[in-house]
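Asker: Next input, structure requested:
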Amino acid sequence: MRLKNKVIIITGSCTGIGKAIARKAVSEGAKVVIHGLDEAPGKELVSEMGNDRAVLHIEDLTREGAAERLVAIALQAFGKLDAVVNNAALVKGSDIHSTTLPFLRSILEINTIAPFSLIQAALPHLTETRGAVLNIGSVNAYCGEPNLLAYSISKGALQTLTRNLGDTLNRENHVRVNQINPGWVLTENEIRIKREEGFSDDWETKLPKVYAPAGRILRPEEIAAAAIFWLSDESGPISAQVVELEQHPLIGRNPPKDMSVFEG
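Answerer: Modelled structure (predicted):
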């Protein structure tokens with residue numbers, strides 16, 4: 001019970017990585033605010049966890065006052081706030097030719113500005129509990145795929161936000177801010193995207209080993225398991241850290257340029 005009686009807001013938690021984190025957090029003793037845009041799976045998740053352990057809030061995080069309302073719901077339902085998980089993100093493909101300024105702004109609003117806004121709104125309450133923030137980033141923060149330009153920019157900015165606030169808030173407010181950068185994860189959204197791109201129904205079983213040395217990509221539950229450490233007191237005073245959750249090194253990797261790449 002590493003999160004016993006901790007109250008945690010988890011954005012984007014009706015599905016995918018956020019849902020897995022919420023389930024794992026409740027299993028470790030936490031009470032959670034489930035957030036998302038799709039009410040049906042959110043209600044199902046709250047029913048699974050129990051009304052004494054979870055409460056649901058459906059709202060677009062770009063709406064004025066959304067962050068403040070999330071914080072207010074946590075306080076009203078459970079009386080305090082111990083942690084925030086900024087997981088909600090918009091993943092849409094684009095490159096230099098297709099990235100319009102309105103599109104780039106829309107990605108930044110969800111992926112970077114909304115996390116900043118929620119940290120800002122939650123800070124007085126996290127200061128009271130000496131709480132924690134966990135930002136869910138992406139390995140795309142370092143450079144990104146050519147067809148994920150806007151998304152990669154937003155995650156790079158989030159990473160800088162984590163390191164900046166992780167230093168400042170730890171010193172000034174005793175609030176830790178850390179980030180995990182997942183690699184390729186088999187979420188419901190990723191399955192839908194790949195099918196829309198024309199991949200076969202069993203594409204995840206046929207991945208080249210240059211992308212998936214283990215023969216598969218990551219599962220949401222594996223990201224959730226790592227998240228618990230950063231939300232719990234086990235991580236002690238550690239702050240301003242960014243940790244990659246991937247099955248191969250990101251910096252300095254240079255796969256062999258031989259037939260093994262083409263053979264998988």
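Asker: For the stretch 51-200 of the chain, give me the ranges with low pLDDT.
Answerer: Within the stretch 51-200 of the chain, not a single segment meets pLDDT under 70.
Asker: Which stretches in it count as helices?
Answerer: Under the criterion DSSP state H, counting those that start in this stretch, the stretch 51-200 of the chain contains helices at 66-78, 101-108, 114-129, 149-173, 188-196.
Asker: Does anything pack onto the second one? Which helices or strands?
Answerer: Same thing as helix 101-108. helix 149-173 (3 or more CB pairs under 8 Å, 6 or more residues apart in numbering; DSSP states H and E). C-betas here are computed from N, CA, C, even on glycine.
Asker: Just the buried positions in the helix it packs on, please.
Answerer: 149-159, 161-163, 165-166, 169-170, 173 (16 or more other CB atoms under 10 Å).
Asker: could you dump the helices of the stretch 51-200 of the chain to JSON lines with distance to residue 229?
Answerer: Formatted as JSON lines, the helices of the stretch 51-200 of the chain follow (distance: least, CB to CB, whole Å):
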{"stretch": "helix 66-78", "distance to residue 229": "22"}
{"stretch": "helix 101-108", "distance to residue 229": "29"}
{"stretch": "helix 114-129", "distance to residue 229": "18"}
{"stretch": "helix 149-173", "distance to residue 229": "15"}
{"stretch": "helix 188-196", "distance to residue 229": "24"}
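Asker: Run through the strands of the stretch 1-150 of the chain in chain order.
Answerer: Using DSSP state E, counting those that start in this stretch, the strands of the stretch 1-150 of the chain run over residues 7-10, 31-36, 54-58, 83-86, 132-136.
Asker: which residues touch residue 36?
Answerer: By CB atoms under 8 Å, 6 or more residues apart in numbering, the contact list for residue 36 reads 11, 12, 13, 14, 15, 18, 42, 58, 88.
Asker: just checking, the fourth one touches residue 33?
Answerer: The reference is to residue 14. No: the pair residue 14 / residue 33 is not scored as a contact, 11.6 Å apart, by CB atoms under 8 Å.
Asker: And the closest residue to residue 86 other than its chain neighbours, how far from residue 4?
Answerer: Distances taken as CB to CB, 6 or more residues apart in numbering place residue 115 nearest to residue 86, at 3.7 Å, with adjacent residues excluded. Per CB to CB, to the nearest Å, residue 115 is found 26 Å from residue 4.
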